[in-house]
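Peer 1: take a look and give me a structure for this.
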Amino acid sequence: MSALAGHPGPALLARRWRDPAAWRTTVDVVAILLAASLPWSTSLVSILGVVMLITMVPYLDIERLLKILKQPISLAPIALFVLALVGTLWSDAAWGTRLYAVGPAAKLLVLPALLYHFQRSERGLWVFSAFLASCVLMVVMSTAVAFNPALALKANADRGIFVKNYIDQGQEFSLCAVALAYPIAQLLRARRFVPAGVLTAIMFAFLANMIFIVVSRTALVTIPILLAVFGLIHLKWRANLMIAVSALVLALAAWFVSPQLQSKVATFTTQYQDYRNDRGVTSIGERLEFWRKSLRFFAGAPLIGHGSGSTRHLFELAASGRTDLAGSTVVGNPHNQTLNVAVQWGMLGVVILYAMWAAHLLLFRGDGLVPWIGLLVVVQNIFTSLFNSHIFDFHEGWMYVIGVGVAGGMVLRSRTKPDLAQGPVAP
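Peer 2: Residues are numbered from 1 along each chain as shown. Below you'll find the predicted structure:
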């Protein structure tokens with residue numbers, strides 16, 4: 001009994017329970033697991049997101065948190081959520097639909113919490129490394145599923161899709177591929193050819209998967225834009241010219257050897273023609289019809305919109321009496337982030353959305369790997385949101401929240417004095 005009473009376990013556990021550093025480490029671990037699980041599971045991401053917020057509570061420094069919350073990088077996403085919540089008051093949709101429409105904006109509340117935490121944490125790069133490693137494993141599984149579809153966890157999945165869908169997978173792979181350009185360039189400048197070669201091989205694995213196995217139209221459009229941003233910021237004009245020529249040669253080679261790429265590119269024109277001639281429902285035709293109707297909805301309530309969750313009801317009214325395939329389609333998402341916000345909350349919502357993007361772009365000014373990752377996440381989200389509502393979509397929305405939150409916190413940390421990054425002293 002005396003030996004048991006003198007056991008140091010309970011005392012050590014009690015000290016760690018009161019130690020803010022131990023809680024910060026716990027949050028780091030949960031954030032790493034959250035990033036690693038994002039390519040694979042939606043339910044696990046939701047659970048870990050809640051757990052991460054709960055584990056932040058025991059060591060909260062209210063003063064520092066308020067400083068973060070008062071900055072535009074936090075105010076804008078919070079304001080967008082608040083607008084979605086208040087927008088339920090003037091919507092004509094059923095209350096269940098109104099509240100359901102608030103849910104996609106709720107993840108934005110996690111962004112200020114990540115900014116607060118990773119302003120003090122030193123493990124931000126671990127989060128990005130976990131996401132990269134998870135996506136590398138997804139490349140392996142995607143390739144395996146392409147050759148043996150029976151391995152797919154998702155029933156009736158597209159070719160090369162192990163879980164999720166080709167849009168989510170394309171977002172992950174394109175982000176990782178372009179993000180690796182910066183460390184590869186830095187390693188080559190330092191003549192560290194072995195690690196540069198390893199990262200280059202990983203980059204080409206992502207690109208090869210997107211060319212030969214799972215081709216995403218959104219990725220095809222955004223990858224050249226992201227590479228152009230990298231070249232303009234980090235390279236001289238001669239290097240940009242060489243990369244442009246090399247990219248053109250590789251694109252032509254990929255075109256001739258990849259039937260999947262040819263087929264996907266051909267859909268741009270064939271689907272548009274099918275839409276014009278009402279020969280069937282196509283994704284491009286649907287988007288054009290959604291955008292045309294959404295602009296009309298926006299014109300009907302330009303200042304504060306029709307309210308949260310009103311989009312589907314508006315499409316139902318617009319489809320009444322229509323016999324053409326595209327015109328009779330009813331959706332609750334116009335597949336464009338700006339229009340999604342404009343229909344529900346008018347110009348007020350659009351101003352807040354663009355203010356958020358602008359604030360986050362300005363946050364990542366400067367050179368370095370972390371600002372590059374943060375900038376890339378924001379730029380990718382802005383351009384892909386032309387074709388989807390990627391702030392409100394689950395997967396892409398969490399990519400934005402994690403990427404901007406972690407990278408933004410690390411940038412803020414680098415701009416503070418060393419003694420301010422240590423965190424509060426345990427009582």
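Peer 1: contacts for stretch 362-371?
Peer 2: The contact list for stretch 362-371 (CB atoms under 8 Å, 6 or more residues apart in numbering) reads 73, 124-125, 182-183, 186, 234, 372, 374-375, 378, 404, 407-408, 410-411, 414. All C-beta atoms are positioned from the backbone trio N, CA, C, and that covers glycine.
Peer 1: just the ones of those residues in helices?
Peer 2: 73, 124-125, 182-183, 186, 234, 372, 374-375, 378, 404, 407-408, 410-411, 414 (DSSP state H).
Peer 1: which of the residues you listed are buried?
Peer 2: 73, 124, 182-183, 372, 374-375, 378, 404, 407-408, 410-411 (16 or more other CB atoms under 10 Å).
Peer 1: which one of the residues you listed is nearest residue 24?
Peer 2: For these, the residue nearest residue 24 by CB to CB is residue 124; the value is 12.1 Å.
Peer 1: what residue ranges in this structure score low on pLDDT?
Peer 2: The model of the chain has pLDDT under 70 over residues 1-19, 230-285, 321-328, 417-427.
Peer 1: residue 142 reaches residue 214, doesn't it?
Peer 2: Yes. Residue 142 is within contact range of residue 214, at 6.3 Å (criterion: CB atoms under 8 Å).
Peer 1: identify the contacts common to those two.
Peer 2: Residues touching both residue 142 and residue 214 (CB under 8 Å, 6+ apart) are 160, 161, 169.
Peer 1: any buried residues in the strand or helix carrying residue 383, and which?
Peer 2: For residue 383, the host element (DSSP states H and E) is helix 369-384. By neighbour count on 16+ other CB under 10 Å, the buried set for helix 369-384 is 370-384.
Peer 1: closest to residue 137 out of the buried ones among the ones in helices among the contacts of stretch 362-371?
Peer 2: Proximity of these to residue 137 (CB to CB) peaks at residue 183, which lies at 19.3 Å.
Peer 1: am I right that that closest one is in contact with residue 198?
Peer 2: No. Counting by CB under 8 Å, residue 183 stays clear of residue 198, with 10.4 Å between them.
Peer 1: thought residue 164 was touching residue 37?
Peer 2: No. Residue 164 is beyond contact range of residue 37, at 11.9 Å (criterion: CB under 8 Å).
Peer 1: if you count surrounding residues, which of the two has more?
Peer 2: Neighbour count, other CB atoms under 10 Å: between residue 164 and residue 37, residue 164 has more, with 21 against 18.
Peer 1: quick one: residues contacting the closest residue to that one other than its chain neighbours.
Peer 2: Once flanking residues are discounted, residue 164 sits nearest to residue 395: 6.7 Å by CB to CB, 6 or more residues apart in numbering. Going by CB under 8 Å, 6+ apart, residue 395 touches 38, 42, 164, 168, 171.
Peer 1: please, which helix or strand holds residue 395?
Peer 2: Using DSSP H and E, the element containing residue 395 is helix 394-414.
Peer 1: alright, calling it a day.
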